[in-house]
Every structure is written in structure tokens, then in C-alpha cells.
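**Q** no letters, just coordinates:
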Ligand code: FAD
Ligand code: SF4
């Protein structure tokens, strides 16, 4: 989305910002050391599901905020897919107006407490911060975003965005992950009658069924969804669009436009011998059992999970890191990541890799499973792996892993979690045969408007991109909402 530089300039020219800039010179600001997030000790936190980072103190947040130079050309903003006014919210922290800071965040981001915790800032806003050009560590934008939104929640004084007069035009959203929630928030602000349909029994998509409590407490997701409810968004759970009702049924009920945000929840497997043995899970099933169904509290909650002692997790993304760290918390004595490239190519956030290592996870990189072996009861007992080397870059730009002949060896395991990726659930394309899809079953959209091949039907997030990130899903939602509004107004 284009950044509104005129508005940013106006905000920056406010008297209080001018005065604040004068309180320290740029040289003094750049001399301040970047804050370090206080965290629970690794050997304590790897035994429970409580959150790992403790959060900054008020002093730490204000000191970190004073590192920001309030640049006239804030390059950081172009790194944010939803264009948060980054110096705007940071300067509010520096001057001690914390609730104002949260308000600035919410002008463009409906889920700041979520993004402050899970966004890969190191490859987005923080990568574009001017400090990098001075060979210094960037302003800790993510930690400050988390701090301001946590502060607001802790006061109970949560601001609800202003809403235009109701226009009674009904819009349906399929899926309550970050893409669907973003569209709901935007359209509710403009007065639409918005309903989100969710297949599961909790709202939030991957934020509740995938990302574990120790990284993103569910209470935070619930609070942010509660704000949408206060804005008049209706939420319907246990409702599978395409099964519980067809799109035609929904049209008959008066829905005039649709946003499909059904994610990419279909797990991928490697299709190697033995992959059907007992105690080999997909990351999706493993994490859904633990996070959504609370299997870590079994028997208080009635979903069981195997508490493996020797656990191998296959993959190098966030899903694999979440699974392996979950296995430690369920009592694993040996928890391993098995990844076919080197650590440099791992798609997981750097912070998650760092946390996993601190907590005792072993990293077997340049190693690939080729077969699983089991006992006579069909339970997995060993994984045969092969060593790999890196060749030329492939179409993803990462160096292609090549097997080294004769390097196979066996590792004892009692549980395996396969976290090598996901693809879109085929249900929506099946329910709408006229909907154009790619060969990977993602939905084809016009990237400028997010409209699909069916007029009035828009889509975004993982169902369009394949497995991506929370903030990219939200960015899609922003574009889609704007064009859904235009579409509905033109009718
Ligand atoms: P989702 O969040 O997948 O939500 C889709 C929703 O649609 C689901 O709730 C689903 O039940 C519902 N649905 C599907 N079909 C239907 C239907 N027919 N009717 C009704 N409802 C339906 N990204 C980051 O930025 N940082 C991270 O740290 C990070 N960690 C991750 C960890 C894990 C374990 C996983 C799996 C992903 C992670 N991601 C992370 C990726 C990120 O969560 C996704 O890119 C993002 O959630 C996609 O949002 P979405 O709204 O498109 O879909
Ligand atoms: Fe502040 Fe860095 Fe953005 Fe400049 S680029 S406004 S220093 S966060």
C-alpha cells in the first residue's frame, strides 16, 4: 500500500515532536545501546507454556524510544507491509503518552500486540532503519510495538477505532486468521455489516491453533478479536463455508461481497518409506492438539498427545521451531531439528532459532530423512538420515541441497513431527469450480485489488500466497478491504 508521506510530514511537524527532537542531539541518541529484551531463563521456561520474553520496563521502553531519530524520511515505514507510522508511535512513547502510542499503532494495524511478538522485524521495518547504514543495531521497533499495545491492554483502557454510520451492506469473510480479521476491522470502520465465518471452535486461525502459548498468549488474540466485536463485527464459529452453507446460500442471505481468508492449513509430507508409522505427526496436528485442544493439560482437557522422549522435527521454518520447542515442554529428553540445508537458509525467525538453541534443541543441519523404521506394533523407532551438501541456488534463491552418497545413518526416535510446509485447503476451490487457482491450489487474484476471477469475491493471506507471514496476510487484507469498499460503493 502507498505510504501517505504528506500526512507523515504533517504529524512530524507537530510542535511537541519538534520540541522532543531538541531534547537530545542525534549523536547522543545514536550513542544509546539498543535495549535487550528480558527473558525467562532457558532451563526454567522450557518446562512450561508461559511466555518466554518478560517485556520491557517503562524506563527501558522510553530509553529505546529515544534512540529513534524521528527521521524526515523514515525508511523503516517502507519495510512494514501495513505502513505503521513508526516514528509516530515511538515518539509518543518517548514523551510518555503511552495510550496515544497504542492509538497510532491501531490506525493501520488491527493486531499490534500480535505483530510485536511474531513479525520478522529483522527482515522488515528494522532492516530498513537508518541505524543499519551507520553500522549500528536498528531501533527495536518490534519490542516497542509490543510494549505500547501491552501497556494499553494492562490499563483496560483499550481504544476502539471510530466507526462510520451503519450502511447495512452485508459482507462475508471466510476464515478468522490475520487476513480475515484485518478486512473485518477495516470494513467495520466504514460502516459495513461484517460477518466472519470460522470452521474451528476458536477464532484467530494460526494465531490460536499454530503458534504456541509460550510465543503468543491466546489471551492477547482474544482481546484483539474482542475489539472487533465491540466494533460490531459478527463472528460465527464451527461453520465451514462450502459445507455448512454454500456461497449461493450466503448470497441468498443478502451477502453482497466475500473475502476468502481460509489459509494454508493442509500439511505436506515427504512421501518417504515409513511415514505412516504410529507417532509420526504433521506439525499441524501436533500443534493443534497442544495449542487449540490444550493436550498439554491432558487429562484436564480430553485431547491426548504422545509425550515423546526422543523427538525429531523435520524442517527449518517457524512451524518446525514451534513444534520442537513444544516437544521439550512435553518432556522430550532429546529434541532435534533435522533440516536439509544449513542454518543460514532456515526460514524461521532468528529469535526462534536462538531461543530453541538456548532451550537445548539439537540442530542437525545439512541432514535429510530418507526412511522411517518401526517396531512390530507399527510405532516409529528410528529415522534413517542422509548428509547433504549445498549446490547452486534454486528458484527460491537458496542453495540447493544435494545428497552425499553413502552418508546415511540411523537415529533413535520415538516421535517424529513433520513441519516441512503446508498448502491451501482445497475445500473453497472445490466449492467454487469457476474460481481460478494456480497449480499449487492457491487462489489467483489481481494483486492491485485482491479480487479473484469471480466479481465481488476477494481473497488474501496464505490462501493466495501459500504459507507466508502474519503481516503479509494483514497487508493483503488492507488492500482487499479498500477495493471491496470501492466495489460495493460502485454497485
Ligand atoms: P490462517 O491464519 O491460516 O487462518 C485461516 C482460517 O480460516 C483458519 O482459522 C481456518 O480454520 C479457517 N478456514 C479454512 N477454511 C474455512 C472454511 N471453508 N470456512 C470457514 N473457515 C475456514 N508468521 C509470522 O509472521 N510469524 C511467525 O512467527 C509465524 N509462526 C508460525 C508458526 C506456525 C506453527 C504456523 C503454522 C505459521 C506461522 N506463521 C508465522 C505464518 C502465519 O501464521 C500465517 O502466514 C498467517 O496466519 C496466515 O493468515 P491467514 O489469515 O491467511 O490464514
Ligand atoms: Fe526511527 Fe529508524 Fe525509523 Fe529513523 S528509520 S524513524 S531512526 S525507526
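**A** On my side now, so go ahead. All values reported here derive from a predicted model rather than from experimental measurement. Residues are numbered from 1 along each chain as shown. Ligands and ions are numbered 1, 2, ... in the order given.

**Q** ok, and the closest non-adjacent residue to residue 303?
**A** Sequence neighbours aside, residue 293 is the residue nearest to residue 303 in space, at 3.6 Å (criterion: Cβ to Cβ, 6 or more residues apart in numbering). All C-beta spots, glycine's among them, are computed from the backbone N, C-alpha and C.

**Q** surely the one you found touches residue 287?
**A** No - counting by Cβ atoms under 8 Å, residue 293 stays clear of residue 287, with 10.0 Å between them.

**Q** residue contacts, residue 281?
**A** Under the criterion of Cβ atoms under 8 Å, 6 or more residues apart in numbering, the neighbours of residue 281 are 415, 416, 417, 418.

**Q** sheet partners, orientation included, of the helix or strand encompassing it?
**A** Taking DSSP states H and E as the criterion, residue 281 maps to strand 280-282. Its sheet considered, strand 280-282 pairs with strand 415-418 (parallel) by DSSP bridges.

**Q** pLDDT on the partner strand, on average?
**A** The average of the pLDDT scores along strand 415-418 is 98.

**Q** got the buried residues for that strand?
**A** Neighbour-count burial for strand 415-418 flags 415, 416, 417, 418 (criterion: 16 or more other Cβ atoms under 10 Å).

**Q** swap in stretch 264-280?
**A** Buried-residue list, stretch 264-280, by 16+ other Cβ under 10 Å: 264, 265, 267, 268, 274, 275, 277, 279, 280.

**Q** which strand residues bridge the third one?
**A** If I follow you right, that is residue 267. residue 422.

**Q** mind listing the strands for the stretch 51-200 of the chain?
**A** In the stretch 51-200 of the chain, the segments counted as strands under DSSP state E, counting those that start in this stretch are 170-174, 193-197.

**Q** what's the first helix or strand after the strand holding residue 281?
**A** Next helix or strand after strand 280-282 toward the C-terminus (DSSP H and E): helix 283-287.

**Q** so which bits of that following helix are buried?
**A** Those would be 283, 284, 286, 287, for helix 283-287 by 16+ other Cβ under 10 Å.

**Q** wait, which of these is closest to ligand 1?
**A** Of all those, ligand 1 sits closest to residue 287, with 5.3 Å by Cβ to the nearest ligand atom.

**Q** which residue packs closest to the closest one, ignoring adjacent ones?
**A** Nearest residue to residue 287 in three dimensions, chain neighbours excluded: residue 210, at 5.3 Å (Cβ to Cβ, 6+ apart).

**Q** one step back: and the strand holding residue 281, anywhere near ligand 1?
**A** No - counting by Cβ under 6 Å from any ligand atom, ligand 1 has no neighbours in strand 280-282; the shortest distance is 10.4 Å.

**Q** centre of the chain to that strand, how far?
**A** Here strand 280-282 is found 22 Å from its chain centre; the criterion is Cα atoms, centre = their mean, to the nearest Å.

**Q** cool, and stretch 333-349?
**A** Chain-centre distance of stretch 333-349: 19 Å, with Cα atoms, centre = their mean.

**Q** buried sites along it?
**A** Judged by neighbour count (16+ other Cβ under 10 Å), stretch 333-349 contains these buried residues: 334-342, 345-349.

**Q** try stretch 475-490
**A** Across stretch 475-490, burial judged by 16+ other Cβ under 10 Å covers 475-485, 487-488.

**Q** hmm, who's touching that stretch?
**A** Applying Cβ under 8 Å, 6+ apart, the external contacts of stretch 475-490 come out as 1, 81-82, 108, 169, 171, 178-183, 186-187, 190, 192, 256-257, 259, 261, 448-451, 455-456, 458-461, 464-465.

**Q** what of stretch 6-25?
**A** By Cβ under 8 Å, 6+ apart, stretch 6-25 touches 66, 70, 72, 74, 77, 85, 87, 88, 91, 94, 95.

**Q** and these, which is closest to residue 114?
**A** Nearest to residue 114 out of the contacts of stretch 6-25 is residue 85 (Cβ to Cβ; 18.2 Å).

**Q** how near is the closest residue to that closest one other than its chain neighbours to residue 491?
**A** Nearest residue to residue 85 in three dimensions, chain neighbours excluded: residue 104, at 5.5 Å (Cβ to Cβ, 6+ apart). In this view, residue 104 and residue 491 are 34 Å apart by Cβ to Cβ, to the nearest Å.

**Q** the longest helix along the chain to strand 170-174, inter-axis angle?
**A** Longest helix in the chain, counting residues (DSSP state H): helix 470-490. Counting by axes from the mean of the first three to the mean of the last three Cα atoms, to 10 degrees, helix 470-490 lies at 150 degrees to strand 170-174.

**Q** what is the mean pLDDT for helix 470-490?
**A** For helix 470-490, mean pLDDT is 96.

**Q** now that helix against strand 193-197, angle please.
**A** Interaxial angle, helix 470-490 versus strand 193-197 (the same axes, to 10 degrees): 140 degrees.

**Q** and ligand 1, is helix 470-490 touching that?
**A** Yes - applying Cβ under 6 Å from any ligand atom, one finds helix 470-490 in contact with ligand 1 at 470, 471, 473.

**Q** contacting residues around the residue in the chain sticking out farthest from the centre?
**A** What lies farthest from the middle of the chain is residue 376; by Cα atoms, centre = their mean that is 40.4 Å. Contact analysis of residue 376 by Cβ under 8 Å, 6+ apart lists nothing.

**Q** let the chain start at 53 from now.
**A** All set: I'll call the first residue 53, so the last point we hit is now residue 428.

**Q** okay, the buried residues of helix 335-339 in JSON lines with distance to ligand 1 next?
**A** JSON lines is the format used below for the buried residues of helix 335-339 (distance: Cβ to the nearest ligand atom, whole Å):
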{"residue": "335", "distance to ligand 1": "6"}
{"residue": "336", "distance to ligand 1": "7"}
{"residue": "338", "distance to ligand 1": "9"}
{"residue": "339", "distance to ligand 1": "5"}
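
**Q** could you identify the most distant pair in those residues?
**A** Greatest spacing in these, by Cβ to Cβ: 336 and 338 (7.3 Å).

**Q** run the chain-centre distance for stretch 118-125.
**A** In terms of Cα atoms, centre = their mean, the centre of stretch 118-125 is set 27 Å apart from its chain centre.

**Q** SS state for the residue nearest to residue 347 when sequence neighbours are not counted?
**A** The shortest distance from residue 347 to any non-neighbouring residue, by Cβ to Cβ, 6+ apart, is to residue 357 (3.8 Å). At residue 357, secondary structure determined by DSSP: H, G, I helix; E, B strand; the rest coil is coil.

**Q** surely residue 357 meets residue 338?
**A** Yes - applying Cβ under 8 Å, one finds residue 357 in contact with residue 338, separated by 7.4 Å.

**Q** show the pLDDT at residue 214.
**A** Note for residue 214: predicted pLDDT of 85.
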